[in-house]
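[1] okay, predicted coordinates and the sequence, questions at the end:
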Amino acid sequence: MQKYLSVPTIVCATKVIIFECIGVVALKAMSVFLGNAMYARFADCDPLQTNHVQRDDQLVPYFVLQTARHISGLPGLFTAGILSACLSSFSSSLNSVACIIYEDFLLPFLPKDMTDQRASNILKSIVVMFGILCILLVYLIENVNGIFPLSNVLQAVTCGPIMGLFTLGMLFPSANAEGALAGGIAGLAFACWVVIGTNWYRMSGLLRDPKKPMSLSGCQFNSTAIVTPSPTSDQIFYLYRISMWYNSLMSAIIVIVFGLLISWLTGRKNKPIRTELLSPLVRSLIKGEKKTELDEERKLQDGH
């Protein structure tokens, strides 16, 4: 949102969104290609089973070291590129968080005659505090099964209800504030319930994701590995066994369904609809309905 607000016109913001979508699709495609390449490389000699790596997060650096170690400097260049990209996104996120906290939580309690230098010092202090907090969270992430599942858990709890609220507001003119509030709470509660239940079963060892078939037949040494089958139980509740990729979608649907239901029960109370906040498609449908109603009224007046 910060990047969208920094451009001068809606047309420029639309172009930014289009370029962002193209970049995200390209990034996802390259990630899928990289995953297939790693599976083709390690299918007959799983580095996790041979203890060359300890976690899934270490597979990509290990793959680069194994395939490009004969090219001097390339593994280091790859690592530097990854770190630079992470630090760039990390710095932008810290600046955004600092501005939001300052604008929404601190500014109402600060004096009106505060200087720009003091405001800058406060923002820098917020950035430093959150930077230290993020560094401390590294020790927590070391005890979980990779950062990727953790990021998906956080996205499921936050992104799903937010997407549901935006969809409810843009596509359904009958939605009101009470419905949005009730739907948001219901979606957030549903997402937390599913995420907490799923991770509880994962930590207890009763629920594990099935992995692709791997072996050690292609390794250059003799080894015997004991593969323990996944102890996934069919007695676990169905929603806990659904892939984590569906958590955001399910919570968004819960927001829309509950929002529409509560909006229908409470009504709009004759409040006018701000059509500029609706989707262009919905605006065109509303204009078409109003035009049809006016035509019918004119026909009735002409008939009388």
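    It's in. Nothing here was measured: the structure is a model prediction, and the numbers come from that model. Residues are numbered from 1 along each chain as shown.
[2] how far does whatever helix or strand Val16 lives in sit from its chain's centre?
    Element membership for Val16 (DSSP states H and E) is helix 10-42. How far helix 10-42 lies from its chain's middle: 15 Å, per C-alpha atoms, centre = their mean, to the nearest Å.
[3] I'd like the next helix or strand past it.
    helix 59-68.
[4] re the thing from before, between the helix holding Val16 and helix 59-68, how big is the angle?
    With axes from the mean of the first three to the mean of the last three C-alpha atoms, to 10 degrees defining the directions, helix 10-42 sits at 60 degrees from helix 59-68.
[5] list the buried residues for helix 10-42?
    Going by neighbour count (16 or more other C-beta atoms under 10 Å), the buried part of helix 10-42 is Met38, Arg41, Phe42. Heads up, the C-betas are built off the backbone N, CA and C, glycines and all.
[6] contact partners for the second one?
    Think Arg41. By C-beta atoms under 8 Å, 6 or more residues apart in numbering, the contact set of Arg41 is Phe63, Gln66, Thr67.
[7] list buried residues within those.
    For the contacts of Arg41, a burial check counting by 16+ other C-beta under 10 Å picks out Phe63.
[8] next, format the contacts of Arg41 as JSON lines and append distance to Met129.
    Shown next, in JSON lines, are those (distance: C-beta to C-beta, whole Å):
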{"residue": "Phe63", "distance to Met129": "36"}
{"residue": "Gln66", "distance to Met129": "40"}
{"residue": "Thr67", "distance to Met129": "41"}
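[9] which of the contacts of Arg41 sits closest to Arg118?
    Among the contacts of Arg41, Phe63 lies closest to Arg118 (C-beta to C-beta), at 49.3 Å.
[10] correct me if wrong: that closest one contacts Asn36.
    No - here Phe63 lies out of contact with Asn36, judged by C-beta atoms under 8 Å, at a distance of 11.6 Å.
[11] sec struct for Lys112, please.
    coil (DSSP: H, G, I helix; E, B strand; the rest coil).
[12] could you say which helix or strand holds the residue positioned nearest the centre of the chain?
    Nearest residue to the geometric centre of the chain (C-alpha atoms, centre = their mean): Gln155, 3.8 Å. Gln155 belongs to helix 147-171 when assigned by DSSP H and E.
[13] just the buried residues of the next helix or strand after that helix, please?
    Later in the chain than helix 147-171, the nearest helix or strand by DSSP H and E is helix 177-203. The neighbour-count check on helix 177-203 (16+ other C-beta under 10 Å) flags 178-180, 182-184, 186-188, 190-191, 194-195, 198-199, 201-202 as buried.
[14] picking up where we left off before, any idea which of the buried residues of helix 10-42 is closest to Phe105?
    Nearest member of the buried residues of helix 10-42 to Phe105, counting by C-beta to C-beta, is Met38, at 43.6 Å.
[15] what's the nearest residue to the closest one if we skip its chain neighbours?
    Counting by C-beta to C-beta, 6 or more residues apart in numbering, Met38 lies nearest to Phe63, which is 4.9 Å off, once chain neighbours are set aside.
[16] and that neighbour, what does it touch?
    Leu34, Ala37, Met38, Arg41, Phe42.
[17] quick check: the last one touching Lys212?
    No - in terms of C-beta under 8 Å, Phe42 does not count as a neighbour of Lys212; the distance is 10.1 Å.
[18] show me how far stretch 92-100 is from its chain's centre.
    17 Å.
[19] what residues of it count as buried?
    Buried, per 16+ other C-beta under 10 Å, within stretch 92-100: Leu94, Ala98.
[20] gap between Leu140 and Val157?
    In this view, Leu140 and Val157 are 17 Å apart by C-beta to C-beta, to the nearest Å.
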